[in-house]
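Undergrad: please find the sequence and the predicted model below.
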Amino acid sequence: MLSGKVACGEYNIPVVDFKLLVNGTADQRSQAIRDLGRACEDWGFFMVINHGVHEALKEAVMKAFIEVLSFPEEETAEYLEAASMDPIQIGTGYYSATDEAQHLRHYLKMFVHPEFHCPAKPKKLRDVAAKFATQTRHLMQQLAMAISESLGLHDSRIPQALNIDSSIQMLAQNHYPAYTGTEGVATALPPHTDPGIFALIFQNGVDGLQVQHNGQWILATPVPGAFFVLAGDQLEIVTNERYRAVIHRAVIGHEQARTSVISMLAPCPDAVIEPV
Ligand SMILES: O=C(O)CCC(=O)C(=O)O
Ligand SMILES: [Fe+2]
């Protein structure tokens, strides 16, 4: 059974306008930075719009990732059952005994920074994934600078404290086949926080990401073109828990399969992260 009541519609998930954050007038920038600070403080979650990553690129990445997951197992055997730090991983998550997942999730994960790793097929994946990785990394670096400012600090303070220049970036895709069981919807990814600094997420038009806010589960429905931005554990640590990592989960209904693409930034494993 899916635990907790789910609210949708009655809450306004915060929206941050990236264009105003970087190119606005002084007043617009201050307002956007305040909006960002409030979103991080109250939710640990927001949507970013006008971020400059083209829809066509996002679609191309999702399509190429779907192709990888659809290859017969013998073609992706080297990535199956990989360990958590292996550069490319393909697998299926279904941990019903331990953590309440009731339905399948197929995933692909690849580390793209500081070294770029990518399955050789389909051929177009390398090019689109590299572009998407660079653009979303840049976006997350700029968000980290703006977060510094939202805390009244110099814009380099939080990025430096996180060693962001040497950080690790991972791209991932989750594919959740439509649910076939007897409940209304099923949990496919149990409640968790993300271990890194931020995750950016977009999806195939099917909702299913839920975030915890003031003790309630909220279904996240994006404004067109937006990325969801989730604060992770390392952001919580560096801000001394002022900006908390958001607890979230993914659910899946009967009608349609859901696909999400994630770009995630985390400090390199030997970085020591302390509150600023
Ligand atoms: O599929 C989603 O929307 C959420 C994915 C997620 O939280 C994760 O992979 O850590
Ligand atoms: Fe997550």
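TA: Noted; the coordinates are in hand. Ligands and ions are numbered 1, 2, ... in the order given.
Undergrad: who in this structure is up against ligand 1?
TA: Residues of the chain that fall close to ligand 1, judged by Cβ under 6 Å from any ligand atom: A172, N174, L189, D194, I201, L209, H248, A250, S260, I262. C-beta here means a position set from N, CA and C on the backbone, and glycine is covered the same way.
Undergrad: can I get the helix or strand hosting the first one as PDB, trimmed to CA atoms?
TA: Counting by DSSP states H and E, the secondary-structure element that holds A172 is strand 168-176. Only the C-alpha atoms of strand 168-176 are listed here, as PDB (Å, rounded to 0.1, in the frame of the first residue of the first chain):
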ATOM      1  CA  ILE A 168      31.400  14.000 -10.000                       C
ATOM      2  CA  GLN A 169      28.400  14.200 -12.400                       C
ATOM      3  CA  MET A 170      26.200  11.300 -13.300                       C
ATOM      4  CA  LEU A 171      23.400  11.000 -15.800                       C
ATOM      5  CA  ALA A 172      20.700   8.500 -15.200                       C
ATOM      6  CA  GLN A 173      17.500   7.300 -16.700                       C
ATOM      7  CA  ASN A 174      14.700   5.600 -14.800                       C
ATOM      8  CA  HIS A 175      12.000   3.700 -16.800                       C
ATOM      9  CA  TYR A 176       8.900   2.600 -14.900                       C
END
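Undergrad: gap between it and the chain center?
TA: Relative to the chain's own centre, strand 168-176 is displaced by 8 Å; criterion: Cα atoms, centre = their mean, to the nearest Å.
Undergrad: that older thread, pick out the lowest-pLDDT one from the residues of the chain next to ligand 1.
TA: The member of those with the lowest pLDDT is L189, at 90.
Undergrad: can you report phi and psi for the closest residue to that residue other than its chain neighbours?
TA: Nearest non-adjacent residue to L189, counting by Cβ to Cβ, 6 or more residues apart in numbering: A250, 3.8 Å away. The phi and psi values for A250, taken as degrees, to the nearest 10, are phi -120, psi 140.
Undergrad: is it true that A250 touches V185?
TA: No. Using Cβ atoms under 8 Å, A250 makes no contact with V185, being 10.3 Å away.
Undergrad: quick check: the gap between S84 and ligand 1.
TA: 13 Å (Cβ to the nearest ligand atom, to the nearest Å).
Undergrad: how about G152?
TA: G152 sits 30 Å away from ligand 1, going by Cβ to the nearest ligand atom.
Undergrad: kindly report the same for G44.
TA: From G44 over to ligand 1 (counting by Cβ to the nearest ligand atom), the distance is 13 Å.
Undergrad: show the contacting residues for that residue.
TA: V211, L230, A231, L235, E236, Y243, R244, A245, V246 (Cβ atoms under 8 Å, 6 or more residues apart in numbering).
Undergrad: go with 10 Å
TA: 193, 211-213, 229-232, 235-236, 243-248 (Cβ atoms under 10 Å, 6 or more residues apart in numbering).
Undergrad: equivalent analysis for H54, please.
TA: Residues near H54 by Cβ under 10 Å, 6+ apart: A60, K131, F132, Q135, G225.
Undergrad: same check on I66?
TA: H106, L108, P122, Q173, H175, N204, A257, T259, V261.
Undergrad: tally up the residues packed near the residue of the stretch 51-200 of the chain found nearest ligand 1, please.
TA: Relative to ligand 1, the nearest point of the stretch 51-200 of the chain is N174 (4.3 Å; Cβ to the nearest ligand atom). N174: 24 surrounding residues under other Cβ atoms under 10 Å.
Undergrad: with adjacent residues omitted, what lies nearest to Q102?
TA: A186 (3.9 Å).
Undergrad: what are the bridge partners for that neighbour, then?
TA: A186 forms beta bridges with I252, as assigned by DSSP bridges.
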